[in-house]
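S.K.: quick one, what's the 3D model for this:
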Amino acid sequence: MRYFPLPFGADWRLSVVRNEKYVEYNVSTRQNDTTYAAGVYSNGYTAEAGIPTAQVTHDPWRGVQYGALLRGGGASSRVTAGYALTALEGRVRVLNNVGVAVQGDLTAPYTQSEAGGSVSQALTPQASVRLGASARLFTFPAQGQAQGSVDLNPALDLNPAPGVNVSVAHFERQAVGSAPVGDLNYGDYRETSASAAYRLSAPLGSPEFGVAMLRSSLTRSWTGETTALRGDVLLRAGDLPSLLGPSIGYQWGKTPESGRWLLSLTFAPR
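M.R.: Next up, the predicted model:
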């Protein structure tokens, strides 16, 4: 269960995820362009333990940015400050940050410059295309290292019938250079995904509790050499602000032994 919406006035989310040898559990909220989060977070499915984390990040779409991330378990911690501005009526965002990252005996002051945006175009009333792109540069003066990377994210959205949505997307990242801090190392990555959803015109059952949406997704990580297939049944339940329901899937890995079932509670906008 990731980011379960709690029934409070503010947007609070709870996550509880069982991995092979440990359990993730954390709570987060976002208020006034600021994210607050604390708990134990993912360290990979087969790790011995999760990563204890506390985070405060103020990152509005434009304006002053600042944040602090404190983590245990050998992961890096950091503080950052910077500024973001926008162009082309808010479609493009340019971010410049300075920060200090600490991981074990390593202390790495760094700079981050990033620009990104997206465009969309309707092809027909039932079809549209999207393209997101971003480029970033990290420099680490004390270590004499730098890394640049570029992301491209094309997508196609189809609405062939009332209540039906089909989406196909691809993500591609190419990076050059190196970074001394693990979670600031944006390496090459490639992934393709497809999903289909059917939202019923009225919940199957009763208006207060019934099946409201069926959804399926297929994701292929070309970099990680994994393929995951999921099926979701989403319910409308009383006054809950989101649809929720069980998700059952399977992930195929590099070898038959690395395959695993994916069982979770999933959500969608009501």
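
S.K.: what helices or strands is the longest strand seen in the chain leaning on?
M.R.: The longest strand of the chain (DSSP state E) is strand 106-124. Judged by 3 or more CB pairs under 8 Å, 6 or more residues apart in numbering; DSSP states H and E, strand 106-124 is in contact with strand 92-103, strand 127-140. For every residue, glycine as well, the C-beta is placed using N, CA and C.

S.K.: what residues does T35 make contact with?
M.R.: With contact taken as CB atoms under 8 Å, 6 or more residues apart in numbering, T35 is in contact with S28, T29, Q55, V56, T57, D59.

S.K.: phi, psi of it?
M.R.: Main-chain torsions, T35, degrees, to the nearest 10: phi -100, psi 130.

S.K.: picking that back up, so what strands line up beside the longest strand of the chain?
M.R.: Strand 106-124 sits in its sheet next to strand 92-103 (antiparallel), strand 127-140 (antiparallel), going by DSSP bridges.

S.K.: report the mean confidence score over the longest one.
M.R.: Pointing back at strand 127-140 there. Mean pLDDT, computed over strand 127-140, is 98.

S.K.: and that strand, how far from the chain's centre?
M.R.: Centroid separation for strand 127-140 versus its chain: 14 Å, with CA atoms, centre = their mean, to the nearest Å.

S.K.: buried stuff in the helix or strand just after that strand?
M.R.: Downstream of strand 127-140, the first helix or strand assigned by DSSP states H and E is strand 145-158. Buried residues in strand 145-158, counted by 16 or more other CB atoms under 10 Å: Q145, A146, Q147, S149, D151, N153, A155, D157, L158.

S.K.: same thing with stretch 259-269?
M.R.: For stretch 259-269, the neighbour count (16+ other CB under 10 Å) marks S264, T266, F267 as buried.

S.K.: name the helix or strand for D232, please.
M.R.: Assessed by DSSP H and E, D232 sits inside strand 226-237.

S.K.: just the residues contacting that strand, thanks.
M.R.: With contacts defined as CB under 8 Å, 6+ apart, strand 226-237 is touched by 203, 207-221, 243-254, 262, 266-268, 270.

S.K.: 6 Å - rerun?
M.R.: The contact list for strand 226-237 (CB atoms under 6 Å, 6 or more residues apart in numbering) reads 203, 209, 211-213, 215-220, 243, 245-253, 266, 268.

S.K.: now render the buried residues of stretch 259-269 as CSV, adding secondary structure.
M.R.: Formatted as CSV, the buried residues of stretch 259-269 follow (DSSP: H, G, I helix; E, B strand; the rest coil):
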residue, secondary structure
S264, strand
T266, strand
F267, strand
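
S.K.: got JSON lines for the residues you listed, with distance to R13 and pLDDT too?
M.R.: Listed next are the buried residues of stretch 259-269 as JSON lines, based on distance: CB to CB, whole Å; pLDDT from 0 to 100:
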{"residue": "S264", "distance to R13": "14", "pLDDT": "90"}
{"residue": "T266", "distance to R13": "13", "pLDDT": "89"}
{"residue": "F267", "distance to R13": "9", "pLDDT": "86"}
